[in-house]
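Asks: Dropping a prediction and its sequence here:
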There are 2 protein chains.
Amino acid sequence: MPKIVDHEAKRSDIAQAVEDIIYDEGILSLTMKDVARLLGCSPSVISHYFSNKLDMLIYTHKRVRRRAEQTLLEGLGAGQDAAACFEAILPTRAAQWRDWHMCFAFWGLAANATYVQKEWTEASSVAHQIFQDIIRHAQALHAIDPALDPVRLATEVQVIVNGIATLVTQSRAEWPRERQVDVFRSMFRRVVAAGG
Amino acid sequence: MPKIVDHEAKRSDIAQAVEDIIYDEGILSLTMKDVARLLGCSPSVISHYFSNKLDMLIYTHKRVRRRAEQTLLEGLGAGQDAAACFEAILPTRAAQWRDWHMCFAFWGLAANATYVQKEWTEASSVAHQIFQDIIRHAQALHAIDPALDPVRLATEVQVIVNGIATLVTQSRAEWPRERQVDVFRSMFRRVVAAGG
């Protein structure tokens, strides 16, 4: 395997271990040593790939949120309607509970920690752009009124998706997929019906 | 000061130190030792009041969310309209950024850690109950259509408030108070106008 691919593959393995520890044991328990133990290597190997814990967390968060970005783009590419594209990232399955949980853990880091603020801003603006693209596409098809402001709609849909995720994360048993989709659909319908 | 008051006052001082550390340095940097140093006491004093870090965090989260609960109830008691009651807990000021940040940090803890799940459930159900009370009061005054389901409305308003907070926490500079209130008001108006 070429060296650069190997390097990225290893960083990805480490990020997977970080995700597992954060979900199963919590961010408080995250140490470079535990990550090394989970991967069966020495802590010095981990520090070869990440200079510190924060660096490792930022990489892990990027990897997690890119999965959601990918899911949105795939829905758009497959010609799904806007609501279906957004619903695909709701925390309706165990894998997505984990991804959202990682996001909350990451949002709870210190704003002034180097690069954390940068990754927050990047994450929310990339998501906002993709939300906009999905809405603009639906507007081009007249599935959503083209007179509405897609930037404003994208923000409101982000509010709905993230807001549902905050409630689900705290009470998963009370939020089966059907309930999430039902609340999402009814709120989404009103956002695209009325505009700002 | 009676002993029990003194005990609670001390726990509250410790929780304040925990909040400060989590906001300024992040939850990754939180140790019982740092809390002790910030309060100018020995770590053994801290462990007299809290048996471990998680216990300390749960207490701190309770204290933070009770401030928001109190704000909501004060608005209701003062006869403010429903929208104004809810707006009062949006992260429009530094003190509220801190409180919301503490909530995200807490939501990022491990679900299977003892008592974390219990506090999540309690926090979201107490908030839900207060949101319902505010809506029912507005319905009694016919400011909100009494035919709408207050339980459903409370959930949707929680989605909006929490959703806005997730976006603000990641990009505070882009979310001055006016923008938060504007997005909240327009989404709230449509929730109470249309119902489920």
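Replies: That came through fine.

Asks: what distance separates stretch A:122-134 from the centre of its chain?
Replies: Averaged C-alpha coordinates place stretch A:122-134 at 11 Å from its chain's average position (CA atoms, centre = their mean, to the nearest Å).

Asks: For that stretch, give the mean pLDDT please.
Replies: If you average the pLDDT over stretch A:122-134, you get 96.

Asks: And the helix or strand harbouring A:A68, what's buried?
Replies: Per DSSP states H and E: A:A68 is located in helix A:53-77. By neighbour count on 16 or more other CB atoms under 10 Å in any protein chain shown, the buried set for helix A:53-77 is A:53-54, A:56-65, A:68-69, A:71-72, A:75-76. In this view, the C-beta of every residue, glycine as well, is placed from N, C-alpha and C.

Asks: now swap in stretch A:125-133 and tell me
Replies: Those would be A:127-128, A:130-133, for stretch A:125-133 by 16+ other CB under 10 Å.

Asks: and chain B, which of the buried residues of helix A:53-77 contact it?
Replies: Near chain B, judged by CB under 8 Å from any CB of the partner chain, the entries from the buried residues of helix A:53-77 are A:53-54, A:57.

Asks: Just put those residues in JSON lines and tack on distance to B:R11 and pLDDT.
Replies: Shown next, in JSON lines, are those (distance: CB to CB, whole Å; pLDDT from 0 to 100):
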{"residue": "A:K53", "distance to B:R11": "29", "pLDDT": "89"}
{"residue": "A:L54", "distance to B:R11": "30", "pLDDT": "89"}
{"residue": "A:L57", "distance to B:R11": "30", "pLDDT": "93"}
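
Asks: hang on, the earlier thing: which outside residues touch the helix holding A:A68?
Replies: For helix A:53-77, the external contacting residues (CB atoms under 8 Å, 6 or more residues apart in numbering or on different chains) are A:11-12, A:14-15, A:18-19, A:22, A:30-32, A:35, A:46, A:50, A:84-86, A:88-89, A:99, A:102-103, A:106, A:109, A:113-116, A:119, A:123, A:126-127, A:130-131, A:133-134, A:137, B:28.

Asks: ditto for stretch A:29-38
Replies: A:14, A:17-18, A:20-22, A:25, A:42-43, A:45-47, A:50, A:53, A:56-57, B:28, B:110.

Asks: Buried subset of the residues you listed, written for PyMOL?
Replies: If you want just the buried ones from those in PyMOL, going by 16+ other CB under 10 Å, the selection is:
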select buried, (chain A and resi 14+17+18+21+22+46+50+53+56+57) or (chain B and resi 28+110)
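
Asks: Which members of the contacts of stretch A:29-38 occur in helices, if any?
Replies: Among the contacts of stretch A:29-38, DSSP state H puts A:14, A:17-18, A:20-22, A:43, A:45-47, A:53, A:56-57 in helices.

Asks: Let me have the ones next to chain B among the buried residues of helix A:53-77 in a markdown table, adding distance to B:E174 as columns.
Replies: Compiled in a markdown table, those are given as follows (distance: CB to CB, whole Å):
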| residue | distance to B:E174 |
| --- | --- |
| A:K53 | 28 |
| A:L54 | 23 |
| A:L57 | 23 |
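
Asks: quick one: which of those is nearest A:V191?
Replies: Nearest to A:V191 among those is A:L57, at 32.7 Å by CB to CB.

Asks: buried subset of the contacts of helix A:53-77?
Replies: A:11, A:14-15, A:18-19, A:22, A:30, A:32, A:35, A:46, A:50, A:85-86, A:89, A:99, A:102-103, A:106, A:109, A:113, A:116, A:119, A:123, A:127, A:130-131, A:133-134, A:137, B:28.

Asks: and those residues, which of them are in helices?
Replies: The members of the buried ones among the contacts of helix A:53-77 that map onto helices under DSSP H are A:11, A:14-15, A:18-19, A:22, A:32, A:35, A:46, A:85-86, A:99, A:102-103, A:106, A:116, A:119, A:123, A:127, A:130-131, A:133-134, A:137.

Asks: separation between the residue positioned nearest the centre of chain A and chain B?
Replies: Nearest to the geometric centre of chain A sits A:R65, at 3.3 Å (CA atoms, centre = their mean). Distance of A:R65 to chain B, given as CB to the nearest CB, to the nearest Å: 11 Å.

Asks: Next one: that residue relative to A:I89, how far apart?
Replies: 10 Å (CB to CB, to the nearest Å).

Asks: can you check A:V64 too?
Replies: 11 Å.

Asks: do the same with A:S186
Replies: 18 Å.

Asks: swap in A:F104?
Replies: In terms of CB to CB, A:F104 sits 14 Å off from A:I89.

Asks: Return stretch A:41-57 as CSV; C-alpha atoms alone will do.
Replies: What follows is stretch A:41-57, C-alpha atoms only, in CSV (Å, rounded to 0.1, in the frame of the first residue of the first chain):
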residue,chain,number,x,y,z
CYS,A,41,-0.3,-0.8,19.6
SER,A,42,1.9,1.4,21.8
PRO,A,43,0.9,5.0,22.7
SER,A,44,3.9,6.2,20.8
VAL,A,45,2.3,4.9,17.6
ILE,A,46,-0.8,7.1,18.3
SER,A,47,1.3,10.2,18.9
HIS,A,48,3.0,9.5,15.5
TYR,A,49,-0.3,10.1,13.9
PHE,A,50,-1.8,12.8,16.1
SER,A,51,0.1,15.3,18.1
ASN,A,52,-2.5,15.4,20.9
LYS,A,53,-5.9,14.4,22.0
LEU,A,54,-7.6,17.5,20.6
ASP,A,55,-6.0,17.0,17.2
MET,A,56,-7.3,13.4,17.3
LEU,A,57,-10.8,14.6,18.2
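
Asks: nearest residue to A:A140 other than its sequence neighbours?
Replies: A:P146 (7.5 Å; CB to CB, 6 or more residues apart in numbering or on different chains).

Asks: That neighbour: how many residues sit nearby?
Replies: 12 (other CB atoms under 10 Å in any protein chain shown).

Asks: Tell me the pLDDT of it.
Replies: 96.

Asks: Contact partners for A:T92?
Replies: With the criterion set at CB under 8 Å, 6+ apart, A:T92 makes contact with A:176-177, A:180-181.
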